[in-house]
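>>> Pasting a predicted model and its sequence here:
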Amino acid sequence: MTLLTIEAGLYASLAGGTALTDLIGGAVNPRIYNRIAPNVAVLPYVIFYLADGQIPNETPRQDGDYVYRVDAWALTRTLAETMQKKIFDLLDGQSLSVAGWSNYDSKLRRLFSEAEAEKGVIYWRYTGEYQFKLALD
């Protein structure tokens, strides 16, 4: 399994939710980034990245257990929290579309927030750690 396949499914799930994309640039060019936002990115935006991945090999079929962090970045705490609620609705208990694989479990494992100050500006981040369990079709 390539991580790019999982990440394409994760991006599609996030970009497919207009309640979220309406907050981050619209459906045509949503500000959703894999691993890092470009230097010229405008807030608010979403970043996702692999936090942990395992191939348990506990059954005869090939399977994987992956945790992705999904960060909602904004200039206000309220907006970052609202974005994370929309992300939760799109990912928790929902199936990712991953070519050649079945996603049999998706859930929020952990949620936390941070604020960072830089040159008098406060940046808010709400992070959800989402676990995806997949099995080869």
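Arrived safely.

>>> low-confidence ranges in the protein?
For the chain, the stretches with pLDDT under 70 are 1-2, 56-59.

>>> For beta bridges, what are the partners of Glu118?
With DSSP bridges applied, Glu118 shows beta-bridge pairing to Val121.

>>> Distance check, it against Leu75.
12 Å (Cβ to Cβ, to the nearest Å). Just so you know, the C-beta spots here come from the backbone N, C-alpha and C atoms, and that holds for glycine as well.

>>> Look at the two and report which has more neighbours.
Leu75 (12 against 7; other Cβ atoms under 10 Å).

>>> Run a quick neighbour tally on the closest residue to the more buried one other than its chain neighbours.
Once flanking residues are discounted, Leu75 sits nearest to Leu43: 5.5 Å by Cβ to Cβ, 6 or more residues apart in numbering. Applying other Cβ under 10 Å, we find 16 residues neighbouring Leu43.

>>> contacting residues around the one residue sitting closest to the centre of the chain?
Closest to where the C-alpha atoms of the chain average out (Cα atoms, centre = their mean) is Val70, at 3.5 Å. Residues near Val70 by Cβ atoms under 8 Å, 6 or more residues apart in numbering: 10, 14, 46-48, 84, 87, 91, 127-130.

>>> same check, this time on Pro30
So Pro30 contacts 14-15, 20-21, 24, 46 (Cβ under 8 Å, 6+ apart).

>>> Show the backbone phi and psi for it.
Backbone torsions for Pro30, taken as degrees, to the nearest 10, come to phi -70, psi 140.

>>> Please apply the same query to Val40.
phi -90, psi 10.

>>> Which helix or which strand is home to the residue sitting furthest away from the middle of the chain?
No residue in the chain sits farther from the centre than Pro60, which is 29.3 Å out by Cα atoms, centre = their mean. Using DSSP states H and E, Pro60 maps to neither a helix nor a strand.

>>> circling back to that earlier point, can you tell me how far the residue nearest to the centre of the chain sits from Tyr49?
From Val70 over to Tyr49 (counting by Cβ to Cβ), the distance is 8 Å.

>>> If you count neighbours, what's buried in stretch 129-137?
129-134 (16 or more other Cβ atoms under 10 Å).
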